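Undergrad: Model the structure of this input:
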Amino acid sequence: MTSSATVSPGVPEAVPVVSVKPVVLDAPERGADLRVRVSAPVTGSGLPVVLLAHGFGSSLDGYGPLADHWAAHGFVVVQPTHRDSRTTGTAAGGPHGPRLWRSRVDDMRLVLDRLDELTAAVPGLAGRTDHGRIAAAGHSFGGQTAGVLLGLRVRDPETGAVEDLSDPRVGAGVLLATAGRGGDSLTPFADEHLPWLRDPDFTHMTGPTLVVMGDRDELPLTVRGAEWTADPYVLSPGGKSLLTLFGAQHFLGGISGYEVAETTDENPAHVALVQRVTLAYLRHALGVDGDGWRAVRREFADGAHPLGRLESKQDTGTPGGGARGADGSDGSDGQEPAVASAGSGASTGPEWRGPRART
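TA: The predicted structure follows:
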C-alpha cells in the first residue's frame, strides 16, 4: 500500500515506519485516559503532523492504508481512540451519547495540547516534527470531528448552543465520506439517534480542505443519497477540492483497514487513488511541496479519469462560491502558497487563523 506506484511525481519514496501504541494520555476531566497511536517515518526532520479521527466504532487500530501511507511518505500520524469506539464499550445512547461529537473534538484538542508528549513516546522522533504544519483528517463521523477543528459549527443537542471550536493550530483538512446538511436531508433514524447531525453550519469552514466521496455511498442517515457527502465541499467557502470516486461506497474501497469485514466495496485501485491524492494534497496544503498536487490535477484535467473526478474552487470568502473546474483547476497561478506558521504571529485574516494555502 506504500509502493511507488501509489505516489505522484514530486513525492518522496516510502521509508520504513515506526508506530507506537497505545500512548496513554492521562485525562481526569475526560473520565478515562485517552489512548493514542503515533506513527512516523524513521528518517527525516521538520515532519508535518496529521491528526486522524476514526469513524464511529473504530479505534486507533483503524485506517492502516492511510496512516501507514502518510507516515511512510513523511508525516507524523496521530490517531486517538474516541469514546464511541467498540473497544471502549460506549454506545451512542450511553451516558455520553448526545455529547459524543463534542468529546471527540475535545480529544483532538488534547492531542494538540500534548503533541510534544506524544511524539516523545516514539523512539527517535522527538525534535523532528513541525508543529506549524498540522492537518486534521477524518472518515465519516471522524470527518465531522476534523471539520469542527477547521471551522464547521455544530449545534449542541443538549444546550442548543453553537460555538466556534476551530483550532488555529490546524492548517488544512481531509474529510472522507463526511456527513452533510441536516434538517430534511436526514432520515428519521439519524434525526433521532444522531442529533449532532441536525444542524451543521459549513459557512465558517474556511480552511483549505480536500473532501472525498464515493458516488455510491448510500448511507441510512440521509434521504439524498451519495450527494449528501459532497455538502462539506458545496456548502463551505472556497479554497476546497472535491474528489469523487466512481462506484465507491462508504469505505471508499477499503480505507478503514486491511481486509476488514466492514468494507462492502473492496477496490484496491480506489484505495491507491485516495492514498495518492490525499498525500499530494496534504503536502501542498501545508506548504511542504506542490509538485505532487499539480501532477494530480493534470491527471484529472481532461475529465476522462476512469476512477473518479476532481474539482476545485477558489477562495472567494462566500459559502459555496468560487470558480469551479471539473479538471481540478482553481484559477490559481500554480505557485506554491506562502505558508504562515501557526505560531509566527502573522496575520491571516479574521476567519482562518492557521496556515493558508490554495487548493
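Undergrad: from here on, contacts and neighbour counts on C-alpha atoms
TA: Will do.
Undergrad: Pull the distance from the helix or strand where residue 274 lies to the chain's centre.
TA: Counting by DSSP states H and E, the element that carries residue 274 is helix 268-285. Distance, stretch centre to chain centre, for helix 268-285: 12 Å (C-alpha atoms, centre = their mean, to the nearest Å).
Undergrad: Packing partners of it?
TA: helix 64-72, strand 172-176, helix 291-299 (3 or more C-alpha pairs under 8 Å, 6 or more residues apart in numbering; DSSP states H and E).
Undergrad: want to throw the ones you listed into TSV with mean neighbour count?
TA: Shown next, in TSV, are those (neighbours: other C-alpha atoms under 10 Å):
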stretch	mean neighbour count
helix 64-72	24
strand 172-176	30
helix 291-299	19
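Undergrad: which residues of this protein fall in helices?
TA: Residue ranges of the helices in the chain, as given by DSSP state H, are 64-72, 100-113, 115-120, 141-149, 188-193, 231-234, 268-285, 291-299.
Undergrad: Highest mean neighbour count out of those helices?
TA: Counting by mean count of other C-alpha atoms under 10 Å, helix 141-149 has the highest mean neighbour count of these, with a mean of 28.
Undergrad: Export that one to PDB, keeping only CA atoms.
TA: Output in PDB follows, covering the C-alpha atoms of helix 141-149 (Å, rounded to 0.1, in the frame of the first residue of the first chain):
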ATOM      1  CA  PHE A 141     -18.100  10.700  12.000                       C
ATOM      2  CA  GLY A 142     -14.400  11.500  12.100                       C
ATOM      3  CA  GLY A 143     -14.800  13.800   9.200                       C
ATOM      4  CA  GLN A 144     -17.200  15.900  11.200                       C
ATOM      5  CA  THR A 145     -14.700  15.800  14.100                       C
ATOM      6  CA  ALA A 146     -11.900  17.100  11.800                       C
ATOM      7  CA  GLY A 147     -14.300  19.600  10.200                       C
ATOM      8  CA  VAL A 148     -15.100  21.200  13.600                       C
ATOM      9  CA  LEU A 149     -11.400  22.000  14.000                       C
END
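Undergrad: neighbouring contacts of that helix?
TA: 52-56, 101, 104-105, 136-138, 152, 154, 165-167, 170, 173-179, 205 (C-alpha atoms under 8 Å, 6 or more residues apart in numbering).
Undergrad: Give me the mean pLDDT for that helix.
TA: Per-residue pLDDT values over helix 141-149 give a mean of 95.
Undergrad: How far does that helix sit from its chain's centre?
TA: 7 Å.
Undergrad: Can I get the helix holding residue 274 in CSV? Just the C-alpha atoms.
TA: Extracted as CSV, the C-alpha positions of helix 268-285 are listed here (Å, rounded to 0.1, in the frame of the first residue of the first chain):
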residue,chain,number,x,y,z
PRO,A,268,-7.5,-1.6,-4.3
ALA,A,269,-7.4,0.9,-7.1
HIS,A,270,-9.8,3.2,-5.2
VAL,A,271,-7.7,2.9,-2.1
ALA,A,272,-4.5,3.6,-4.0
LEU,A,273,-6.0,6.7,-5.6
VAL,A,274,-7.2,8.0,-2.2
GLN,A,275,-3.7,7.4,-0.8
ARG,A,276,-2.0,9.3,-3.6
VAL,A,277,-4.4,12.2,-3.9
THR,A,278,-4.7,12.8,-0.1
LEU,A,279,-0.9,12.6,0.3
ALA,A,280,-0.3,15.1,-2.6
TYR,A,281,-3.0,17.4,-1.2
LEU,A,282,-1.6,17.4,2.4
ARG,A,283,1.9,18.2,1.1
HIS,A,284,0.5,21.0,-1.0
ALA,A,285,-1.9,22.5,1.5
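Undergrad: Nearest to residue 48, out of the helices of the chain?
TA: helix 268-285 (8.6 Å; C-alpha to C-alpha).
Undergrad: now the angle from that closest one to helix 291-299?
TA: 130 degrees (axes from the mean of the first three to the mean of the last three C-alpha atoms, to 10 degrees).
Undergrad: gap between the closest residue to residue 266 other than its chain neighbours and residue 280?
TA: Distances taken as C-alpha to C-alpha, 6 or more residues apart in numbering place residue 253 nearest to residue 266, at 4.5 Å, with adjacent residues excluded. With distances taken as C-alpha to C-alpha, to the nearest Å, residue 253 is found 19 Å from residue 280.
Undergrad: what do you get for residue 193?
TA: Applying C-alpha to C-alpha to residue 193 and residue 280 gives a distance of 36 Å.
Undergrad: re earlier: where's the residue nearest to residue 266 relative to residue 107, distance?
TA: Taking C-alpha to C-alpha, one finds residue 253 at 28 Å from residue 107.
Undergrad: Next: residue 127.
TA: 23 Å.
Undergrad: same question, residue 153
TA: On the measure of C-alpha to C-alpha, residue 153 and residue 107 end up 17 Å apart.
Undergrad: Kindly report the same for residue 233.
TA: Separation of residue 233 from residue 107 (C-alpha to C-alpha): 25 Å.
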